[in-house]
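Visitor: Sharing a model prediction with you, sequence too.
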Amino acid sequence: MTSTPQSTYNVYDDEQPLSTSLGYQLEKIINYLLRRSCADGVHHSVRNTTEQVAKGDQDLAASKQKQFVTIGLSGGSLVQILANTLPYLQLPWPQIRFFFVDERHVPFTSNESTYHAYDQQLFRQLPLTQDHVIKINADLTVEECAKDYEDKLRRLLQESSTNEPSAVQSTNDETFDILLLGMGPDGHTASLFPNHKVLDVDNCLVTYIKDSPKPPQERITLTLTTINKAKHVLIVAMGEAKSQIVKEVIKDKNEQYPIGKIRPAIKTQVRWYLDKQAASQL
Ligand SMILES: O=C(O)[C@H](O)[C@@H](O)[C@H](O)[C@H](O)COP(=O)(O)O
């Protein structure tokens, strides 16, 4: 790692302003990545992140023109947070591709499925087709499923950079645009759990686990290396149960927890979105 990326955090009273601000930031990033001029934010009520946005703009201006923007989703409370804001944004939907940072290896009909949760709460509110959401094939074994999902994501990355200048065109481009991460009370993020050997996997985009400490046991996940190559990482943590680890990771720079190992290698900020409870020890 050649640089020391900074992390910034914003604190909100509760879920609604947090959702609004996260949506606003996503809109900014997406529009800049696509080289659109962002409207002046008249439909946004939250404008208190000027400093972070200004810093982000410098990074964003350096981005190349893209075919579409790749956005990785996580489960948990993020589903509702995104459902609170994305349907109200004027985003260039045909140029957005959603995929999953991690997924539980269960059928899509199961209430345990992260895809199912997004489908029920968010996707059906958006003008998306099946092509706009890249998901696992849960009919495969978990090993095959990880390989199949890796192939799908590699194709996505290739297609996403089709219009980019040849200098950045590469079949080995492993850089997703935006990853939205949550954090468990144990400091896990994606399906990267504390002290689990999955944290050491670094020879692929996607891997699997069969012994998750949090059910269900079988899961597919981006590797830590893949996450740390992302251009923009936005982390949402809410609730008192998160406050100790939030403090240790943000303030004390503790890298022991999986969430503390999120240190993107390129010059970009990790942006935290916290509610007052999660931020109470900062
Ligand atoms: O697959 C899972 O078990 C969940 O998706 C999980 O990883 C979740 O994202 C975090 O625990 C944060 O969840 P909350 O934001 O709801 O606390």
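Guide: Alright, I've got the coordinates.
Visitor: Next to the ligand, which bits of the protein? Give me the list.
Guide: 74-77, 104, 114, 182-184, 214 (CB under 6 Å from any ligand atom). For glycine as for every other residue, the C-beta is placed from the backbone atoms N, C-alpha and C.
Visitor: Tabulate these (CSV), appending secondary structure and pLDDT.
Guide: As requested, these are arranged in CSV below (DSSP: H, G, I helix; E, B strand; the rest coil; pLDDT from 0 to 100):
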residue, secondary structure, pLDDT
Ser74, coil, 98
Gly75, coil, 98
Gly76, coil, 97
Ser77, coil, 96
Arg104, strand, 98
Thr114, helix, 98
Gly182, coil, 98
Met183, coil, 98
Gly184, coil, 97
Lys214, coil, 97
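Visitor: Between which two of those residues is the distance greatest?
Guide: Using CB to CB, those span at most 17.0 Å, a distance reached by Arg104 and Met183.
Visitor: Lowest mean pLDDT among the helices and strands, pick that one out for the chain.
Guide: Using mean pLDDT, DSSP states H and E, helix 50-61 stands out as the lowest-scoring helix or strand of the chain, at a mean of 44.
Visitor: which parts of stretch 85-93 are buried?
Guide: Of all the residues in stretch 85-93, those buried under the rule 16 or more other CB atoms under 10 Å are 85-86, 89, 91.
Visitor: Can you check my assumption that Tyr9 lies in a strand?
Guide: Yes. When DSSP: H, G, I helix; E, B strand; the rest coil is applied, Tyr9 is found to be in a strand.
Visitor: ok, for it, nearest residue in space, not its chain neighbours?
Guide: Once flanking residues are discounted, Tyr9 sits nearest to Trp272: 3.7 Å by CB to CB, 6 or more residues apart in numbering.
Visitor: The one you found: neighbouring residues, count only.
Guide: Neighbour count for Trp272, taken as other CB atoms under 10 Å: 24.
Visitor: Which stretches in the stretch 151-282 of the chain count as strands?
Guide: Here the stretch 151-282 of the chain has its strands, by DSSP state E, counting those that start in this stretch, at 178-181, 206-209, 219-222, 232-237, 270-275.
Visitor: would you turn those into TSV with mean pLDDT?
Guide: Below are these laid out as TSV (pLDDT from 0 to 100):
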stretch	mean pLDDT
strand 178-181	97
strand 206-209	98
strand 219-222	98
strand 232-237	97
strand 270-275	96
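Visitor: In ChimeraX, how would I select just the buried ones from the residues of the chain next to the ligand?
Guide: Remark: buried members of the residues of the chain next to the ligand, expressed as a ChimeraX selection using 16+ other CB under 10 Å:
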select :74,75,76,77,104,114,182,183,184
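Visitor: Closest one of the residues of the chain next to the ligand to Asp173?
Guide: Ser74 (21.9 Å).
Visitor: Contact partners for that closest one?
Guide: 100-102, 114, 179-182, 189-190 (CB atoms under 8 Å, 6 or more residues apart in numbering).
Visitor: Swap in 7 Å and give it another go.
Guide: If you count contacts by CB atoms under 7 Å, 6 or more residues apart in numbering, Ser74 has them with 101-102, 180-182, 190.
Visitor: returning to that earlier point: of all the strands of the stretch 151-282 of the chain, which gets the most neighbours per residue?
Guide: Burial of the strands of the stretch 151-282 of the chain is given as mean neighbour count (mean count of other CB atoms under 10 Å); strand 219-222 ranks first at a mean of 29.
Visitor: which outside residues touch it?
Guide: Against strand 219-222 from outside (CB under 7 Å, 6+ apart): 72, 101-105, 136, 142, 145-146, 149, 190-192, 198, 205-209, 212.
Visitor: ok, now stretch 118-128?
Guide: Contacts of stretch 118-128 (CB under 7 Å, 6+ apart): 73, 79-80, 82-83, 86-87, 93, 133.
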